[in-house]
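J.: Dropping a prediction and its sequence here:
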Amino acid sequence: MGICIDKEYPGGNIEVLSEDEDGFTLKQELRDTEGDWFYWNFRVKGAAGRTVSFRFLSDVMGYWGPGVSNDGIRWQYRPERGAHDHRSFTYKFDPDENETYFSMALPYQLSRFRLFADGIKAAYGDIVRESVLDVTPEGRKVPLIVADNGADRDITLSCRHHCCESVASYVLEGCFGYMLSHRDDFSRFNIHMLPFVDLDGAENGDQGKNRRPHDHNRDYIDRPVYSVIRRWKEYLAGLHVSAFCDFHDPWLYGYDHDYSSLVINAAKVADTERFSRIYRDVTRERAGGIPHTAGHDIYPGQDFNKGDGRKRSASSYGADIGAEHVFSLETPYFGRDFTVTEKGLREYGEDFARSLAILLGKDSD
Ligand SMILES: [Zn+2]
């Protein structure tokens, strides 16, 4: 067809199985994933003015077709550009659209984080500093951002324990940005943000979920196999953590996975229910935003929130080190009764931070 598909850029992941006059049959690369997962991300060149179909072998998309980008940095769902179901889509390329990126959701790479980090360092240079928590096996520097209020208590924010869960990164941006722009509400805390736990995985376009022998969110064991988890555990040991917050995305779509949910730690049920209600009320105030209903939280023993594996997760470790509040937030990739956009995700992260300020304010009463 004269159309070129490639994955040679950060986050790229695709295998081209075959090509015909209509388009392509594709498969996501599982790499070292145990079982199946659904992340993919590829670039198309040379399709300007044409309508092309892309077909997968299994369900790998949500309700709005693929995430689409023309620069690999800014993404949105573009359902108006062609037909789609959960395993195929057609896309009508504009006459001058020579390079287009497609993904199962809205990717978020290190380059995108740099734009955010540089912005907050410029705006809040008096308290924000960046350091390197770890150097990855492939030589990448794992960024750690701290808003240092000179406080004796801490809030931690972590993301990408499962590297494909990129939609959560936009929520993290909104959350941390709110904490800086409302710094009086958080002045009793230092805030520590680890935006890419599995940085190599994120940049290489791995799934990361159920990575063999176990993934990063099951590595909170006595002798972690990933150096970044060793470093993060050492770092956390030096803090007095009030709120331990870990950001994720759930399964592809369906049931609770279409809604915002908190995965409730068994030791923190009542506290998480309290926070969940605050978050529900805060998101209700934002017309057209991503709602947290508090009706889709995952209780201990329910769905994937059970079994020995949970004892080795980041949030369980947060409880072990004595954090008063431990929250693991699952942000839907697509949403059922609302639309997921970059802006909406950031605002939903802002609402999370505002809810936390309300909760922590009550703590001090
Ligand atoms: Zn996850």
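T.: In hand now; what should we look at?
J.: Please count neighbours and contacts with C-alpha atoms only from this point.
T.: Noted.
J.: Can I get the longest helix belonging to the chain in PDB, CA atoms only?
T.: If each helix of the chain is counted by residues according to DSSP state H, the longest one is helix 342-363. The C-alpha trace of helix 342-363 is given here as PDB (Å, rounded to 0.1, in the frame of the first residue of the first chain):
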ATOM      1  CA  GLU A 342      -6.200  15.100  28.900                       C
ATOM      2  CA  LYS A 343      -7.900  18.100  30.400                       C
ATOM      3  CA  GLY A 344     -10.500  16.000  32.200                       C
ATOM      4  CA  LEU A 345      -7.900  13.700  33.600                       C
ATOM      5  CA  ARG A 346      -5.800  16.600  35.000                       C
ATOM      6  CA  GLU A 347      -9.000  18.100  36.600                       C
ATOM      7  CA  TYR A 348      -9.900  14.800  38.100                       C
ATOM      8  CA  GLY A 349      -6.300  14.700  39.600                       C
ATOM      9  CA  GLU A 350      -6.900  18.200  40.900                       C
ATOM     10  CA  ASP A 351     -10.100  17.000  42.500                       C
ATOM     11  CA  PHE A 352      -8.200  14.100  44.100                       C
ATOM     12  CA  ALA A 353      -5.700  16.600  45.600                       C
ATOM     13  CA  ARG A 354      -8.400  18.900  46.800                       C
ATOM     14  CA  SER A 355     -10.200  15.900  48.400                       C
ATOM     15  CA  LEU A 356      -7.000  15.000  50.100                       C
ATOM     16  CA  ALA A 357      -6.600  18.500  51.500                       C
ATOM     17  CA  ILE A 358     -10.100  18.300  52.900                       C
ATOM     18  CA  LEU A 359      -9.300  14.900  54.500                       C
ATOM     19  CA  LEU A 360      -5.900  16.100  55.900                       C
ATOM     20  CA  GLY A 361      -7.500  19.300  57.200                       C
ATOM     21  CA  LYS A 362      -9.900  17.200  59.200                       C
ATOM     22  CA  ASP A 363      -7.000  15.200  60.600                       C
END
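J.: Return the distance of that helix from the chain's centre.
T.: Distance, stretch centre to chain centre, for helix 342-363: 16 Å (CA atoms, centre = their mean, to the nearest Å).
J.: Give me the contact list for that helix.
T.: If you take CA atoms under 8 Å, 6 or more residues apart in numbering as the criterion, helix 342-363 is touched by 75-76, 106, 167, 170-179, 185-186, 275, 278-279, 282-283, 289-291.
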